[in-house]
Every structure is written in structure tokens, then in C-alpha cells.
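Colleague: Predicted model and sequence follow; I will ask about them next.
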Amino acid sequence: MHDLHATLTAYGLRPRALVSGKWIRCATDDHPKKRNGAYRISDDGRMAWFKNWATDADFNIWNADGALSPAKALQAKADTDAARRREAEYRKTCITACRAYWSRLPMLRGVHPYLAAKQLDMLGCGQLRTDGELLAVPVMRDGQIMSVQTIAADGQKRFRTGCPVKGGVFVLERTGASLTCFVEGLATGLAVFSSLKQSRVVVCFDSGNLIEVAAHFQGNGLGIVCADNDHETARRIGTNPGLDAARKAANALGCGIAYPDGINGSDWADAIVEREDARRWIARQILMKAKPFKFAEAVP
């Protein structure tokens, strides 16, 4: 096991006695007091999988036939670290350019065609801007702009190249709000915001990011995930991505979940177009399912 131990050490893991047949957590060079490293050795000892959860995107693979020497392992790690530094610098440059771009955009004046088509007004749109005919939405994290989403009149959406969206939100805030609603898209968020006068709305931009935002959110009061109901997708492929993501997010938050049922569309904004009593109906459906936050315990 000497070569494997040297390889793990070269990659920053600090294993004790090597054990085969099960996953073992261990300390790392960057987090010596935690167990951010993990490895598993096959029963015959000829293969191993290992990862530093703080730095590695995927699992590394070691095998006895082509094991890396410590020197090669160190070089591989150095190459990986250099690539990460280049990626971080590129991302930093993109975010800086994005913030400069945002600062030049004029405020939204009047209802944008994308919102007008969904029968939404200017309520909640005070932070939105425009880029020519495009509606511009800030993607925020920790109070800072990290990207911008642009939306065309026909609903086509784009994010700024090279800028991260993971964990980013656009919050429709309201003084004294007692209910926090999590949604995927802007139009859905505006529909919910206009229907529940006591709510703040957290726009997460897509279903995957809904889960990411929920995993890091801390708040109080009542909470609810206002899910998209991708029933047409469910009929085609047998799974409902909007509901699946919403259930995971609601589980992390320990709050309620509500989704629009009985309409042709898939989200709460579609209900605005389809139902004459849409806002009362939305408020009733969501308030019935709202629950106090009870955050799930973090996984060690």
C-alpha cells in the first residue's frame, strides 16, 4: 500500500492506517482538523478512489498497475492547482466586467413585453434594468452581483458568459414579510409576490439552483417552495423535474411545498393568464401549505 499512501499524501490527504473495503474519511492538508478527505480501497487492494471534498470536483482513481509515483502525483496536483487558479482568475475577470455592465444599464421604465404577455405589472420590478429590448435581472450572492440574466420578449433567457449562477438569487423584498417563498423563475416570482401581500420571494433561476439556495439559506418565519409543475415533461419521460427539485429544497428547508395543479401551464405565472381569480387562488393554495422553517441537519 506504500505507493497508494504516497499518492494520497501527494494529493493533500492525511490517511492513517489504510483500510480496504469501505469508505474512510480523513483529514487534509487544507483542513487538518476536519475530515474533508475520503478514500476507498478495493477488497483486493489493487484499486482506490479518493477525493478532497473542498478542492476536487470528481473522484481520483488509483490502480496498482499504473500507480502514480509520488513525483508524478505532485506534478498532477500542481497542474490541477494551476488550472484552478486560471479558472478563478477568469471568473473574477468575468464578474468584474459583469458588474461594470450592470452599472451602465438604465432602470426599467414601464412594463417589459415579456412581463406584459404574462399579464404582470411593475410590482416587484424596482430593481430590474434593460439592455435595449432585453430585460435585465441581477443575480446576487452575499449582497454582490455575480451575474445578470437577460430575458427577451419571447422569453429567451441568457446569463453572462463566465459568471457563476450557483447559489445566486434575486430577492423581491417586502418590509415586515412573514412568509418567504422560493421559486424558479422571475415571472413566477412576480406572480407570487403580487398575490401574497405578506411575502418576500426568492427567485433562484432554475430547479438545480433552487436546491443549492435551499441548502445554504437561513431564515425564520414561514417558508414555502412554490414549485413548477412540469406535468407535460412527466407525461413524456416519467419524471417531473420541477417537483423533484422542489421536494429536495423543501426537505432541506424543512418548510412547505405548493405547486399549481389543474391548469394547462406549469407555473404560477401561467395561472395568472389562465384563471380570472388567479391571485386569490394562488394565495389560497400557497398559504394552505406554508410551514415554519425547520432546517435539516447538515450532513457531516
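Modeller: Yes, it's here. Being a predicted model, the structure only gives us computed values, none of them experimental.
Colleague: quick one: which helix or strand includes residue 84?
Modeller: helix 70-104 (DSSP states H and E).
Colleague: Please, where are all the strands along the stretch 101-250 of the chain?
Modeller: 129-131, 134-141, 144-151, 157-159, 170-172, 179-183, 199-203, 222-226 (DSSP state E, counting those that start in this stretch).
Colleague: Out of these, which is closest to residue 253?
Modeller: Among these, strand 222-226 comes nearest to residue 253, with 5.5 Å by Cβ to Cβ. No exception for glycine: its C-beta is placed from N, CA and C like everyone else's.
Colleague: What about residue 188, how many residues nearby?
Modeller: Residues within reach of residue 188, counting by other Cβ atoms under 10 Å, total 26.
Colleague: Which residues are in contact with the closest residue to it other than its chain neighbours?
Modeller: The shortest distance from residue 188 to any non-neighbouring residue, by Cβ to Cβ, 6 or more residues apart in numbering, is to residue 267 (4.6 Å). Going by Cβ atoms under 8 Å, 6 or more residues apart in numbering, residue 267 touches 183, 184, 185, 187, 188, 191, 228, 229, 242, 260.
Colleague: Keep only those of these that are in helices.
Modeller: 187, 188, 191, 242 (DSSP state H).
Colleague: Remind me which helix or strand the residue nearest to the first one when sequence neighbours are not counted belongs to.
Modeller: Which is residue 187. Spatial nearest neighbour of residue 187, excluding adjacent residues (Cβ to Cβ, 6+ apart): residue 269 at 4.0 Å. If you go by DSSP H and E, residue 269 is part of helix 268-274.
Colleague: what's in contact with the helix or strand just after that helix?
Modeller: Moving toward the C-terminus from helix 268-274, the next helix or strand (DSSP H and E) is helix 278-289. Residues outside helix 278-289 that contact it (Cβ under 8 Å, 6+ apart): 179, 181, 191-192, 194-196, 224, 226, 256-258, 260, 268, 271-272, 275.
Colleague: Remind me what the next helix or strand after helix 278-289 packs against, helices and strands.
Modeller: Proceeding N to C from helix 278-289, the next assigned helix or strand is strand 291-292, under DSSP H and E. Counting contacts by 3 or more Cβ pairs under 8 Å, 6 or more residues apart in numbering; DSSP states H and E, strand 291-292 is packed against strand 222-226.
Colleague: Paired strands for the strand it packs on, with orientation please.
Modeller: Strands that pair with strand 222-226, judged by DSSP bridges, come out as strand 179-183 (parallel), strand 256-258 (parallel), strand 291-292 (antiparallel).
Colleague: winner for burial among those?
Modeller: strand 179-183 (a mean of 25; mean count of other Cβ atoms under 10 Å).
Colleague: tell me the average confidence for that one?
Modeller: Computed over strand 179-183, the mean pLDDT rounds to 97.
Colleague: For the nearest residue to residue 168 once chain neighbours are set aside, give the beta-bridge partners.
Modeller: Leaving out its chain neighbours, the residue that sits closest to residue 168 by Cβ to Cβ, 6+ apart is residue 139, at 3.8 Å. Residue 139 has the following beta-bridge partners by DSSP bridges: residue 147.
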